[in-house]
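Enquirer: here is a sequence together with a model predicted from it:
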Amino acid sequence: MKNEELEALRLKINSIDDEILQLLSNRSEIVLQIGKHKNEEKVVDLDREQKVLDRLLAKSKGLYSKDTIVRLWREIFQSSEKLQKITDSHIQSKRSIENINIYKGGKSTLDTEKKIIKLSSNENPYGPSPKIIEVLNNENLKRNLHRYPEIDGSTLRNAIAKKHSLQEERIILGSGSDEILLFAALAFCQDGDEILHATHGFEMYSIVSKVVGAVPKKVKEDQNFNLDINTIMDSITDSTKVIYIASPNNPTGTYLPREKIVKLMQTISKNIIVVIDGAYVEYVDRVDYDKGFSLSEDFDNLILTRTFSKTYGLAALRVGWCYTSKKVANIINKIKPPFNTTSISQLMAIKALEDQEYIEKVVKLNSEIKTWFEKELNKLNIKIKETEGNFSLIETTVDGANKIANQLASDGIIVRRLDSYNMANFIRVSIGTKEEMELTINSLKNFNE
């Protein structure tokens, strides 16, 4: 009897599926008619799509979750767009990556014969600890270059765990912390889900979101670029699966105090993954800022990322890592590629980790030189924003930013224009050596004269 009842129910499902298929066919015909009234370059109307979603969600009374409804209709929107676009190309990308602007980062070259001073990428100007030279003379490494590295970097993970008193199995390595950002999106987002990040957050947040087919949603900051957790919470929908928060943030230099992170985590749904990007954590010296990992003991849905690219001076080797709950770590490990960090990068990261005295020296020099540099900028009546990290943020006009950047470039000094962040009236200047910053100030003095 049960088999007969099951078969009857399946026949009902088949009948409903046939109806849905016919309705989709009818919809496609109307979509084509609508397409004839559109400019091909303006097929997509995101405002219209959002209104459709809002209307459908308000009417939805079935048992399917609201985020499922959103994903289904976003797939329909994408299919409708393809119907309305005329193309001869056989190769088409998925919709989410069509409007990705390729990340370019800070410039590293200029058309000049002058010595280049690169202050555009927030790198450690002193390089890594001298102790890593020992790795280059490691005979065992040389003999085994034809061998794969440790598949999960267990030796490095163990060293990180001992340094920070963490559990090794909850540490995941990445090719730079950027890869960790990608892991989070891949593991917890489906096509049509939403990822939140600050309007002026790190450019890779939006790119990563689109790569996995998610929809990036920008959360507005206040006039000083500070994130308000109430604004974050107001931006959350049933489709929100991941939130990226850089603390400190690049390029604005703002951070989120520990108490605000706690409040956010206590308030939001436990199925939303929050990634706190701590690329610049070592540079922060604020009593309300949490450099540690204790929050990961209280919240299973929290991922804390770190990198060896900034303070540790190993940007060329691409080594990042994260600490999270066992539950999240187990999920991410399912998608983490094998051998995603190299033998030499693992060994050099271990050596860099051992020399904490050097790291303290780098942080101290950065603080002293940054303080001096910003005082000199004030003397030149050049306005700056307060920042945490190894960079200063100059605020001017769009024309002023152009003139300052061009003046510095004429002296071989490269800084970071922020047009891609919709901050065309700002310039980010990485803190270099004292000599490099003195030359920068001298160039700006000549500009003012």
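Expert: Received it, and whenever you're ready, just let me know what you need. Keep in mind that what you see is a predicted model, and the values were worked out from it rather than measured. Residues are numbered from 1 along each chain as shown.
Enquirer: so how many other residues sit close to Cys383?
Expert: I think there's a mix-up here, since residue 383 is Lys and not Cys. 13 (other Cβ atoms under 10 Å). Yep, even glycine has a C-beta here, placed from its N, CA and C like the rest.
Enquirer: for the closest residue to it other than its chain neighbours, give me its contacts.
Expert: In this structure, Lys383 finds its nearest non-sequential neighbour in Glu395, 4.7 Å apart by Cβ to Cβ, 6 or more residues apart in numbering. By Cβ atoms under 8 Å, 6 or more residues apart in numbering, the residues touching Glu395 are Lys383, Ile384, Lys385, Asn425, Phe426.
Enquirer: give me the buried positions along the lowest-mean-pLDDT helix or strand in the chain.
Expert: Taking mean pLDDT, DSSP states H and E as the measure, the chain has helix 139-143 as its least confident helix or strand, at a mean of 80. Across helix 139-143, burial judged by 16 or more other Cβ atoms under 10 Å covers Leu141.
Enquirer: stretch 162-175 too?
Expert: Neighbour counts over stretch 162-175 (16+ other Cβ under 10 Å) mark Leu166, Arg170, Ile171, Ile172, Leu173, Gly174, Ser175 as buried.
Enquirer: show me which of these is closest to Leu264.
Expert: Nearest to Leu264 among the buried residues of stretch 162-175 is Arg170, at 21.1 Å by Cβ to Cβ.
Enquirer: shouldn't the closest one be in contact with Thr324?
Expert: Yes. Contact criterion Cβ atoms under 8 Å: Arg170 and Thr324 qualify, at 6.0 Å.
Enquirer: common neighbours of these two, please.
Expert: Joint contacts of Arg170 and Thr324 (Cβ under 8 Å, 6+ apart) are Ser296.
Enquirer: closest one of the buried residues of stretch 162-175 to Gln50?
Expert: Gly174 (33.2 Å).
Enquirer: next one: phi and psi at that closest one?
Expert: phi -140, psi 160 (degrees, to the nearest 10).
Enquirer: is it bridged to anything, and to what?
Expert: As for beta bridges, Gly174 partners with Gly320 under DSSP bridges.
Enquirer: pull out the buried positions in the helix of greatest length in the chain.
Expert: The longest helix of the chain (DSSP state H) is helix 2-35. Buried residues in helix 2-35, counted by 16+ other Cβ under 10 Å: Val31, Gly35.
Enquirer: remind me what it packs against, helices and strands.
Expert: For helix 2-35, the packing partners by 3 or more Cβ pairs under 8 Å, 6 or more residues apart in numbering; DSSP states H and E come out as helix 66-84.
Enquirer: and the helix it packs on with helix 2-35, angle?
Expert: 50 degrees (axes from the mean of the first three to the mean of the last three Cα atoms, to 10 degrees).
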